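*Asks:* 3D model of this:
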Amino acid sequence: MNRRETVLAALNHQATKLIPFHVEFTGQSLQNTAGALGKTEAQVEEEAGSCLHYTQYWGWPTEIPERPEHFRDEFGVVWNRSGADKDIGVVDNPVIPDIENCDYVFPQPDIPRLRGDIEALLASRGDRFTFMGFGFCMFERAWSLMGMENALVAMVASPGELEELFDRICDYFLNLVDVALEYDIDGVYFGDDWGQQRGLIMGLAHWRRFIKPRMARLYERVKARGKWVIQHSCGDNNETLPELIEIGLDCYQTFQPEIYNIEEVKKKYGDKLTFWGGVSTQQVLPVKTPAEVQAEIVRVVKVLRPGGGLIIAPTHAMPFDIPVENILAMMEVFHHQERFF
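*Replies:* The predicted structure follows:
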């Protein structure tokens with residue numbers, strides 16, 4: 001089986017000899033790893049051998065020349081990357097300071113650029129499972145425009161105005177998804193963090209009102225074209241999993257073993273969801289020894305592998321604090337599974 005076929009088997013809940021895997025770096029982590037190994041960043045990514053291949057749209061931030069380490073995205077949001085997080089950063093100032101007096105105009109999406117990204121993705125797909133990603137696509141887009149506190153307060157204080165904003169966000173992304181679905185991709189990935197370490201940021205009732213109906217519209221558009229739906233959401237999404245399955249989710253990422261009882265979740269949803277993740281970037285990769293990293297991967301795989309439905313991977317793009325020797329230990333397991341499972 002080639003790499004794409006192993007992923008399709010996982011999504012179809014079919015057991016395979018090779019478990020599909022994915023390795024993704026943050027910019028800092030990739031730079032550190034390449035430097036330590038004396039290789040180019042492109043060589044490190046190629047040798048990682050990931051089974052998944054995707055690119056992600058989340059507003060195309062561009063540098064602000066007069067403000068070093070600050071970037072402005074298509075939506076007018078300024079991201080400050082002068083702190084520890086060099087990949088995303090933090091929002092400088094909300095562009096919608098008052099949802100009840102909102103005159104914000106959404107940008108015209110750069111469709112030619114989107115098409116160029118998708119065409120470049122497909123040209124480099126090889127034998128990998130290939131999909132287009134859309135990050136900051138609902139709650140994250142709302143709070144990036146408004147500020148986190150304002151977005152949460154509006155769920156109680158200005159729900160009608162907030163629903164209108166969420167509808168506009170959904171319509172914006174439906175337009176982009178429609179473009180992506182013109183191409184020979186395998187699926188669509190949506191990135192939108194709803195969870196914290198315990199429970200949902202906004203609570204289940206607000207998630208059901210503001211987020212679930214719009215995600216259902218996005219999922220429906222993808223499923224109507226016979227493509228796979230993948231959802232990224234950090235943190236504890238236990239409450240949403242059955243409802244995400246209900247609206248058409250195929251694959252959930254990121255599956256954090258420090259958040260979930262993996263035996264219980266596998267028993268409940270293992271025949272309905274494929275789990276992408278399982279190797280903790282919080283409590284394993286940054287702090288354990290290489291031998292402990294490998295033992296933890298073996299433990300997780302033994303629980304999640306039966307009946308397919310697993311793409312083993314770090315739970316997030318790997319941050320800069322992971323020792324290179326632990327990255328190499330993880331990849332040894334991925335590349336030589338016959339020695340470990």
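
*Asks:* any stretches of the stretch 101-250 of the chain with poor pLDDT?
*Replies:* For the stretch 101-250 of the chain, no stretch has pLDDT under 70.

*Asks:* quick one: the strands in it?
*Replies:* Per DSSP state E, counting those that start in this stretch, the stretch 101-250 of the chain carries strands over the ranges 129-134, 187-191, 228-232.

*Asks:* okay, these in CSV with distance to Arg168 next?
*Replies:* The C-beta positions use only the backbone N, C-alpha and C, and glycine is treated the same way. As requested, the strands of the stretch 101-250 of the chain are exported to CSV (distance: least, C-beta to C-beta, whole Å):
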stretch, distance to Arg168
strand 129-134, 15
strand 187-191, 17
strand 228-232, 21
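
*Asks:* ok, the residue lying closest to Glu161 once chain neighbours are set aside to Met146 distance?
*Replies:* Nearest residue to Glu161 in three dimensions, chain neighbours excluded: Ile99, at 4.7 Å (C-beta to C-beta, 6 or more residues apart in numbering). Ile99 sits 6 Å away from Met146, going by C-beta to C-beta, to the nearest Å.

*Asks:* joint contacts of these two?
*Replies:* Both Ile99 and Met146 are in contact with 154, 165, where contact means C-beta atoms under 8 Å, 6 or more residues apart in numbering.

*Asks:* can you list contacts of stretch 78-89?
*Replies:* Outside stretch 78-89, the residues that reach it (C-beta under 8 Å, 6+ apart) are 26-28, 61, 64, 67-73, 90-93, 317.

*Asks:* ok, stretch 154-168 next?
*Replies:* By C-beta under 8 Å, 6+ apart, stretch 154-168 touches 96, 99-100, 102, 106, 138, 142, 145-146, 151, 202, 206, 209-211, 214.

*Asks:* what about Phe275, which SS state?
*Replies:* strand (DSSP: H, G, I helix; E, B strand; the rest coil).

*Asks:* skipping its backbone neighbours, what lies nearest it in space?
*Replies:* Phe255 (4.1 Å).

*Asks:* so among the contacts of stretch 154-168, which ones count as buried?
*Replies:* Buried members of the contacts of stretch 154-168, scored by 16 or more other C-beta atoms under 10 Å, are 96, 99, 102, 138, 142, 145-146, 151, 202, 206, 210-211, 214.

*Asks:* these into a markdown table, with extra columns for distance to Ala123?
*Replies:* Conversion of these to a markdown table gives the following (distance: C-beta to C-beta, whole Å):
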| residue | distance to Ala123 |
| --- | --- |
| Ile96 | 38 |
| Ile99 | 42 |
| Cys102 | 40 |
| Met138 | 30 |
| Ala142 | 34 |
| Leu145 | 33 |
| Met146 | 38 |
| Ala151 | 38 |
| Met202 | 40 |
| His206 | 42 |
| Phe210 | 38 |
| Ile211 | 34 |
| Arg214 | 32 |
